[in-house]
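# Here is the input, now give the coordinates:
(2 chains)
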There are 2 protein chains.
Amino acid sequence: MKILEQRIKKDGRVLGKDVLKVDSFLNHQVDPELMQAMGEEFATIFSDEKIDKIVTVESSGIAPAVFAGLALHVPVVFARKNKSLTLPENVWTADVYSFTKQTTNHIMIDHRFLSAAENILIIDDFLANGQAVEGLLKIANDANANVVGVGVVIEKTFQKGRQILDERGVRVESLARIKGFENDEVIFL
Amino acid sequence: MKILEQRIKKDGRVLGKDVLKVDSFLNHQVDPELMQAMGEEFATIFSDEKIDKIVTVESSGIAPAVFAGLALHVPVVFARKNKSLTLPENVWTADVYSFTKQTTNHIMIDHRFLSAAENILIIDDFLANGQAVEGLLKIANDANANVVGVGVVIEKTFQKGRQILDERGVRVESLARIKGFENDEVIFL
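Numbering: from 1, shown residues only, chains lettered A, B, ... in the order given. This is a model prediction of the structure:
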């Protein structure tokens, strides 16, 4: 997606050898017009699929997911990170390890909002090591929901997330694919 | 806002004497069409104000805030809840106590995304005891930003948030105002 790549080139900040910060337009400050364009792009890409619901994880997935939901005319569910020690009843859960923060989040979705045979599209802001998407796939599997695909805003193709999802036969579509960083510049695939 | 009140009557669940759960359309499962209508309503209500930026708190404020941002053509910043023990540098911070969860969250906004003399509109999903909004007001004050108003999706007028904000002279506009619950039914003001 050209306007996204241009925005990453303009406002993204490369930290070290594998971190890209996009907090000026995606996951701290948010550009609503860009989110809307991304939502419409996801709807176009997945227009050949039957989609009943979009599923994401709080917080950074919410903005792209709600605009994809608007474009596809379907509800959006965001998995919540459970901070309390006691788990609520009647929730699907998964553990998601964050390599960046080196912490494990327990994510959960209420049984009422994910049902057997529902066709879901997973949306997330980044695909790096694939932990968040794997957590959502586990939840979808537990709920007997049908995952039609995964829509990612920014994919880092040099990390292992894509390979894991390819091996599982999951359709993955990314709006921007980054193959690496050179001299603090982003190199797109 | 009529369609919001109707939705609360239809899908809201009253728990105990002061809790309203709206997790089927606002803060776990999200209805994108309703969010869009709410965003446009906020834009109409605050159309007489100069607004440079919308500020909210993750996660439940994000969906209404991004649609308000789209309607007003301004960026949205969501304050992040800091889970790590070490505070990042160059952030505005506030402590927000949650009466519901009985925990204190440390919220923060990067200095780069909130500047002196910026005119900001605060958006949040609920106004109950006003803790989250007070945290954002503290951050805005520290940054010397100018708060033009607070837009709330659901206000519980019987809790003390509204009074606190009125006493501070802050303009508060709510899309639905609830004066109480009777026999598990929502009574609007």
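# What segments of chain A are strands?
Using DSSP state E, the strands of chain A run over A:13-15, A:19-21, A:29-30, A:53-57, A:76-82, A:91-98, A:103-110, A:119-127, A:146-156, A:172-182, A:185-188.
# Looking at those, which is nearest to B:Leu137?
strand A:29-30 (19.0 Å; CB to CB). For the C-beta atoms, the positions are set from N, CA and C on the backbone; glycine is no exception.
# list the helices and strands the closest one packs on?
Applying 3 or more CB pairs under 8 Å, 6 or more residues apart in numbering or on different chains; DSSP states H and E, one finds that strand A:29-30 contacts helix B:62-72, strand B:76-82.
# if we can go back for a sec, please identify the most buried of the strands of chain A.
Among the strands of chain A, ranked by average contacts under mean count of other CB atoms under 10 Å in any protein chain shown, first place goes to strand A:53-57 (a mean of 27).
# so what strands line up beside that one?
strand A:76-82 (parallel), strand A:119-127 (parallel) (DSSP bridges).
# Rounded mean pLDDT for the shortest one, please.
What it means is strand A:76-82. In this model, strand A:76-82 has an average pLDDT of 94.
# got the angle for that strand vs helix A:62-72?
Using axes from the mean of the first three to the mean of the last three CA atoms, to 10 degrees, the direction of strand A:76-82 lies 160 degrees away from that of helix A:62-72.
# quick one: strand A:76-82 to strand A:91-98, angle?
70 degrees.
# Other residues contacting strand A:76-82?
With contacts defined as CB atoms under 8 Å, 6 or more residues apart in numbering or on different chains, strand A:76-82 is touched by A:53-58, A:61-62, A:65-66, A:68-69, A:88, A:93-94, A:105-109, A:113-114, A:135-136, A:139, B:28-30, B:32, B:59, B:63.
# Kindly report the same for stretch A:92-112.
Residues contacting stretch A:92-112 (CB under 8 Å, 6+ apart): A:19, A:55, A:57, A:77, A:79-82, A:87-88, A:90-91, A:114, A:128-129, A:131-132, A:134-136, A:138-139, A:142-143, B:23-24, B:28-29, B:83-84.
# what's the answer for stretch A:158-168, then?
Here stretch A:158-168 makes contact (CB under 8 Å, 6+ apart) with A:18, A:127-131, A:133-134, A:137, A:150, A:155, A:172, A:178-180.
# which of the residues in it are buried?
Across stretch A:158-168, burial judged by 16 or more other CB atoms under 10 Å in any protein chain shown covers A:Gln159, A:Gly161, A:Arg162, A:Ile164, A:Leu165.
# In helices only, show me the residues you listed.
A:Gly161, A:Arg162, A:Ile164, A:Leu165 (DSSP state H).
# if we can go back for a sec, which of the contacts of stretch A:158-168 scores worst on pLDDT?
Least confident of the contacts of stretch A:158-168 in the model: A:Asp18, at 89.
# gap between it and chain B?
19 Å (CB to the nearest CB, to the nearest Å).
# what's the answer for A:Thr44, then?
Applying CB to the nearest CB to A:Thr44 and chain B gives a distance of 16 Å.
# and that residue, how many neighbours?
By the measure other CB atoms under 10 Å in any protein chain shown, the count of residues near A:Thr44 is 11.
# Next: the one 4 residues further on.
Neighbour count of A:Asp48, defined by other CB under 10 Å: 8.
# Now it, what are its backbone angles?
phi -90, psi 0 (degrees, to the nearest 10).
# model confidence over the lengthiest helix in chain A, on average?
Under DSSP H, the helix in chain A containing the largest number of residues is helix A:32-45. Across helix A:32-45, the average pLDDT comes to 98.
# quick one: contacts of it?
Under CB under 8 Å, 6+ apart, the answer for helix A:32-45 is A:1, A:3-4, A:7, A:25-26, A:63-64, A:66-72, A:121, A:123, A:151, A:153, A:173, A:175, B:66-67, B:69-70, B:73-76.
# And it, what's buried?
Quick answer for helix A:32-45 (16+ other CB under 10 Å): A:Pro32, A:Leu34, A:Met35, A:Gln36, A:Ala37, A:Met38, A:Gly39, A:Glu41, A:Phe42, A:Ala43, A:Ile45.
# low-scoring stretches of chain A, by residue?
Within chain A, the ranges that satisfy pLDDT under 70 run A:84-85.
# Check the gap between A:Ile54 and A:Glu155 for me.
Distance, A:Ile54 to A:Glu155, by CB to CB, to the nearest Å: 18 Å.
# on that earlier part again, between the ones in helices among the buried residues of stretch A:158-168, which is closest to A:Phe188?
A:Arg162 (14.3 Å).
# Show me what the residue nearest to A:Ile139 when sequence neighbours are not counted is bridged to.
Counting by CB to CB, 6 or more residues apart in numbering or on different chains, A:Ile139 lies nearest to A:Trp92, which is 4.3 Å off, once chain neighbours are set aside. Counting by DSSP bridges, A:Trp92 is bridged to A:Ile109.
# Check the spacing between A:Trp92 and chain B real quick.
Separation of A:Trp92 from chain B (CB to the nearest CB): 12 Å.
# Same check on A:Ser24?
7 Å.
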